[in-house]
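Participant: I'd like to go over a predicted model; first the sequence, then the structure.
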Amino acid sequence: MSTNDLNTFFVAYRVQLYIAIIALIINLIICIYSFCVFDCFNPHTTMWRTQLILDICIAIGYILDSCSFISLENSFSSLNINNYIISQQQSQTTTNISSSLDQLIKLTNNTVTDCNNKKPHLFLLLACRQWAAVLVFIMGLERVLFLCYPLWFRSIRVRKSPINTFVLFFVLFSAGIAYTNVSMVCPYEPTHFTCELTWAFGIDYGYISNGIIILSQLFGFVFLVIAAFFVHRLDWPLRRFGGNRNKVISEKRKIRLILNNF
């Protein structure tokens, strides 16, 4: 691995750091506005505010992740592998070369245990990203069910706080699987030296975690698009809501606001 390859990672993490700082500032402003303005309409106040807090936590997690990797730049640059290779080609002593290459191997060959010891903030990123994604899925599913089965959906009286609690326990259960995999199942599984969240808990769990995040957001968006399609049909929503046009208008507004959250 050359220093040029390493510099590419450092540049990428610097860009991630700047984007995360901007995201943190924007989400803080929106969050303060959301909690301070009480007459602002939102169909899912509890979930919406939870999403804002989670976005702030995710931004903080990415800032910590970027800083922890950028802090290694001095360690990598002090090795200056390219210069060592040149000196080796000039038939100079190889003692310092081999020792420096050994240090590079130690820095770049990480196990999942090493990653979690170096980056304890990965739990924050793991939990918040999954929590936010599952909430998007539930909001989309709720709107479809409310349109297709309005009487049944109203009779069961779905409340937002228990849904939030259920998602929290689901995320904690998922995080428990991740840390069980790290501590007991395969603690010495080799992983990428950047210790990025996808690979920090093992390759198998990385695929599962990304699947939860991507599929939850994808299906949540698809459900909202389906709901938007149905609610804008002229006759179908009126029949479902007993001819109550105000209900139909309110539902259109809710779906539009949730789609804006994306």
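Facilitator: Arrived safely, thanks for sending.
Participant: Look through this protein and tell me its longest helix.
Facilitator: Counting residues, the longest helix in the chain under DSSP state H turns out to be helix 3-36.
Participant: Do a quick rundown of the helices in the stretch 1-150 of the chain.
Facilitator: Counting by DSSP state H, counting those that start in this stretch, the stretch 1-150 of the chain has these helices, from start to end: 3-36, 45-70, 73-79, 81-89, 95-108, 112-118, 122-148, 150-156.
Participant: quick one, the second one and helix 3-36 angle?
Facilitator: Spelled out, it's helix 45-70. Using axes from the mean of the first three to the mean of the last three Cα atoms, to 10 degrees, one finds that helix 45-70 and helix 3-36 are set 150 degrees apart in direction.
Participant: Show me what helix 45-70 packs onto, helices and strands only.
Facilitator: In this structure, helix 45-70 makes packing contacts with helix 3-36, helix 122-148, helix 160-180, judged by 3 or more Cβ pairs under 8 Å, 6 or more residues apart in numbering; DSSP states H and E. Bear in mind the C-beta positions are built from the backbone N, C-alpha and C, glycine included.
Participant: Pick the most deeply packed of these.
Facilitator: Mean neighbour count (mean count of other Cβ atoms under 10 Å) peaks for helix 122-148 among the helices and strands packed on helix 45-70, with a mean of 21.
Participant: how far off helix 160-180 does that helix point, in degrees?
Facilitator: Direction vectors for helix 122-148 and helix 160-180, defined by the same axes, to 10 degrees, enclose an angle of 140 degrees.
Participant: and I32, how far is that from I26?
Facilitator: 11 Å (Cβ to Cβ, to the nearest Å).
Participant: if we can go back for a sec, the longest helix of the chain packs against which elements?
Facilitator: Where contact means 3+ Cβ pairs under 8 Å, 6+ apart, helix 3-36 is packed against helix 45-70, helix 73-79, helix 81-89.
Participant: Output the below-cut-off pLDDT ranges for the stretch 51-200 of the chain.
Facilitator: 73-109, 150-161 (pLDDT under 70).
Participant: N210: what's its closest spatial neighbour, skipping adjacent residues?
Facilitator: The shortest distance from N210 to any non-neighbouring residue, by Cβ to Cβ, 6 or more residues apart in numbering, is to T198 (6.0 Å).
Participant: Tell me who's in contact with that neighbour.
Facilitator: Listed by Cβ atoms under 8 Å, 6 or more residues apart in numbering, the contact partners of T198 are G206, S209, N210.
Participant: Which of the residues you listed ranks first by neighbour count?
Facilitator: If you count neighbours using other Cβ atoms under 10 Å, the busiest of the contacts of T198 is S209, which has 23 neighbours.
Participant: Now it: which helix or strand?
Facilitator: Following DSSP states H and E, one finds S209 within helix 203-231.
Participant: quick one: buried residues of that helix?
Facilitator: When neighbours are counted by 16 or more other Cβ atoms under 10 Å, the buried residues of helix 203-231 are found to be 205-206, 208-209, 212-213, 216-217, 220-221, 223-224, 226-228, 230-231.
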